[in-house]
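Colleague: Provided below are the primary sequence and the corresponding predicted coordinates.
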Amino acid sequence: MAFPNAVDSSQELLDPQSHVWNLIYNYISSMSLKSAIQLGIPDAIHKHNNPITLSQLADALSINKAKSHALFRLMRILVHFKIFDKVNISNDEDEDEEEAYSLTRASRLLVRDEPLSFTPLALVAIDAIMVDPFHHMAEWFKDASPTPFFTRNGINMWEFGANDEGWNKLFNEGMSSDSQFVSSILVKECKHVFEGLKSVVDVGGGNGVVAKAVAGAFPGLKCVVLDLPQVVAGLEGSENLRFVGGDMFEFIPPADAVILKWIIHNWSEEDCVRILKKCKEAIGGGKVIIVDMVVDYEKQEQNAIQTQLCFDVLMMTVMAGKERTEKEWADLFSSAGFQNYKITPILGLRSVIEVFP
Ligand SMILES: C[S@@+](CC[C@H](N)C(=O)[O-])C[C@H]1O[C@@H](n2cnc3c(N)ncnc32)[C@H](O)[C@@H]1O
Ligand SMILES: O=c1cc(-c2ccc(O)cc2)oc2c(O)c(O)ccc12
């Protein structure tokens with residue numbers, strides 16, 4: 001297409017401008033959400049128990065009164081994104097109606113003290129240090145580094161975590177909050193996946209949230225969490241839960257099944273085959289239980305594809321990983337010597353994939 005000229009109608013110029021603007025300013029939705037979480041808006045509305053008016057919200061958040069109108073504008077954009085609902089309530093004093101805000105199903109997941117809150121994961125994903133590598137993506141395309149994260153920091157993400165206790169903690173808390181969420185569904189809806197097993201090892205199992213949920217739901221099952229030494233240092237196990245510090249590329253303790261939740265998407269094909277071969281050695285005739293995305297560009301709805309594509313670029317940016325289609329998963333399994341697999345799409349954008357030798 002030629003550069004816009006006098007032949008183009010105004011609309012032919014304005015529509016693409018609005019499309020590009022939409023993409024350019026999309027980060028403002030993430031940052032507005034971040035401010036709402038940092039201010040504790042979901043918590044304040046939850047604590048209020050009823051729809052909360054703007055002035056009640058301003059009081060609850062102890063914000064500078066001069067910023068009340070800014071709070072109105074922050075709430076307006078977040079209502080637009082369906083993070084909060086706006087309802088009319090009657091005002092006792094003068095019988096007028098007043099606008100008030102309530103939580104939606106989405107913002108209920110951002111209430112900090114709720115057991116299934118994923119506020120810690122949201123804070124990892126939009127933390128300034130975490131977002132920084134994205135500013136180096138173009139530079140990375142031209143250099144020899146494995147990831148934009150490496151271009152920015154000169155080390156990979158796991159080395160960064162080993163050197164920075166605060167970052168390590170923030171990242172692991174983020175992962176744990178997601179694991180809390182996923183394991184609550186896993187032990188309820190996927191009992192059949194664990195039935196008959198006597199032992200499992202959760203490889204890269206972090207703080208052990210999934211292993212604890214599985215150990216609690218299936219008391220006869222012996223669970224081991226294998227993760228990097230700095231991640232499991234000081235963590236206490238229980239009768240049927242043990243933490244082991246180590247490297248999954250070197251050794252995975254033997255068990256009837258290996259769990260790999262949000263592990264494979266972190267790595268390149270070559271590294272995934274190495275990890276899966278180690279899993280195969282560990283399980284004998286058992287199985288590998290993977291929790292990750294299966295991308296389907298044709299069948300999934302637009303929003304789901306958009307989020308999966310964002311995750312794919314996130315994985316490319318922070319650790320040379322990727323989100324895979326079913327064909328890419330099947331190729332990985334076959335390269336690592338597995339014969340069969342079964343995908344259960346039970347976790348929204350993610351699936352449970354059982355892989356058999
Ligand atoms: C994206 S996190 C996922 C954590 C957890 N499975 C979850 O979903 O919440 C990846 C995990 O892999 C661990 N990890 C990275 N390299 C590892 C290695 N070589 N051996 C064992 N664990 C490793 C990290 O420490 C981290 O806990
Ligand atoms: O949700 C995330 C976010 C990250 C992340 C983002 C930005 C950085 O600079 C580093 C890490 O990493 C994740 C990850 O490794 C994962 O397996 C799942 C989710 C996320």
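Modeller: Yep, it's here. Remember, it's a predicted structure, so these values are computed and weren't measured experimentally. Ligands and ions are numbered 1, 2, ... in the order given.
Colleague: Lys261 and Val291 touch, don't they?
Modeller: Yes. Contact criterion CB atoms under 8 Å: Lys261 and Val291 qualify, at 4.0 Å. The way it works is simple: take the backbone N, C-alpha and C, and place the C-beta from them, glycine included.
Colleague: and Ser183, how many neighbours?
Modeller: Around Ser183 there are 22 other residues, counting by other CB atoms under 10 Å.
Colleague: Find the nearest non-adjacent residue to it, please.
Modeller: Leaving out its chain neighbours, the residue that sits closest to Ser183 by CB to CB, 6 or more residues apart in numbering is Ala213, at 3.6 Å.
Colleague: joint contacts of Lys261 and Val291?
Modeller: Val182 (CB atoms under 8 Å, 6 or more residues apart in numbering).
Colleague: How about the contacts made by the residue of the stretch 151-300 of the chain at minimum distance from ligand 1?
Modeller: When distances are taken as CB to the nearest ligand atom, the stretch 151-300 of the chain reaches nearest to ligand 1 at Gly204, 2.9 Å away. For Gly204, the contact set (CB under 8 Å, 6+ apart) comprises Leu226, Asp227, Met248, Leu260, Lys261, Trp262, Ile263.
Colleague: picking up where we left off before, contacts only, for the residue nearest to Ser183.
Modeller: Contacts of Ala213 by CB under 8 Å, 6+ apart are Ser179, Gln180, Ser183, Ser184, Leu186, Val187.
Colleague: From the rest of the structure, what touches stretch 267-286?
Modeller: Stretch 267-286 is contacted by residues 197, 201, 203, 248-258, 260, 263-264, 288, 319-322, 332-333, 335-338, 355, 357 when judged by CB under 8 Å, 6+ apart.
Colleague: Keep only those residues that also lie close to ligand 2.
Modeller: By CB under 6 Å from any ligand atom, no member of these lies near ligand 2.
Colleague: now, which of those lie within strands?
Modeller: When DSSP state E is applied, those are split such that Val201, Val203, Ala257, Val258, Leu260, Val288, Val355 fall in strands.
Colleague: Any residue of the one helix or strand in the chain whose mean pLDDT sits lowest touching ligand 1?
Modeller: Ranking every helix and strand in the chain by mean pLDDT, DSSP states H and E puts helix 128-131 at the bottom, with a mean of 88. No. Using CB under 6 Å from any ligand atom, helix 128-131 stays clear of ligand 1, coming no nearer than 12.6 Å.
Colleague: After that helix, which helix or strand is next?
Modeller: Following helix 128-131 in sequence order, the next helix or strand is helix 137-142 (DSSP states H and E).
Colleague: quick one: contacts of that following helix?
Modeller: Here helix 137-142 makes contact (CB under 8 Å, 6+ apart) with Thr147, Pro148, Phe150, Thr151, Thr317.
Colleague: Among those, which one sits closest to Glu98?
Modeller: For the contacts of helix 137-142, the residue nearest Glu98 by CB to CB is Thr317; the value is 44.6 Å.
Colleague: Next up, phi/psi of Thr344, please.
Modeller: Main-chain dihedrals, Thr344, degrees, to the nearest 10: phi -120, psi 110.
Colleague: Let me know the helix or strand that the closest residue to it other than its chain neighbours is in.
Modeller: Nearest non-adjacent residue to Thr344, counting by CB to CB, 6+ apart: Val352, 4.6 Å away. Assigned by DSSP H and E, Val352 belongs to strand 350-356.
Colleague: re the thing from before, list only buried entries from the contacts of stretch 267-286.
Modeller: Neighbour counting with 16 or more other CB atoms under 10 Å marks 197, 201, 203, 248, 252, 255-258, 260, 263-264, 288, 319-322, 332-333, 336, 338, 355, 357 as buried within the contacts of stretch 267-286.
Colleague: which non-adjacent residue is nearest Asn249?
Modeller: You called it Asn, but residue 249 is Phe. Sequence neighbours aside, Arg274 is the residue nearest to Phe249 in space, at 5.8 Å (criterion: CB to CB, 6+ apart).
Colleague: is it true that the one you found lies in a strand?
Modeller: No. If the criterion is DSSP: H, G, I helix; E, B strand; the rest coil, then Arg274 is helix and not within a strand.
Colleague: which secondary structure elements does the strand holding Val352 contact?
Modeller: Contacts defined by 3 or more CB pairs under 8 Å, 6 or more residues apart in numbering; DSSP states H and E place strand 350-356 against strand 287-295, strand 340-347.
Colleague: would CSV of those strands with mean pLDDT be doable?
Modeller: CSV is the format used below for the helices and strands packed on strand 350-356 (pLDDT from 0 to 100):
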stretch, mean pLDDT
strand 287-295, 97
strand 340-347, 95
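Colleague: Pick the most buried one from these.
Modeller: With neighbours defined as mean count of other CB atoms under 10 Å, those peak in mean count at strand 287-295, which reaches a mean of 23.
Colleague: Restricting to C-alpha, output that strand in CSV.
Modeller: Taking C-alpha atoms only, strand 287-295 is exported to CSV below (Å, rounded to 0.1, in the frame of the first residue of the first chain):
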residue,chain,number,x,y,z
LYS,A,287,3.5,-40.5,33.6
VAL,A,288,4.4,-36.8,33.3
ILE,A,289,1.7,-34.3,34.3
ILE,A,290,2.2,-31.0,32.5
VAL,A,291,0.2,-27.8,33.2
ASP,A,292,0.8,-25.3,30.4
MET,A,293,-0.9,-23.6,27.5
VAL,A,294,-1.9,-25.3,24.2
VAL,A,295,-2.2,-22.6,21.7
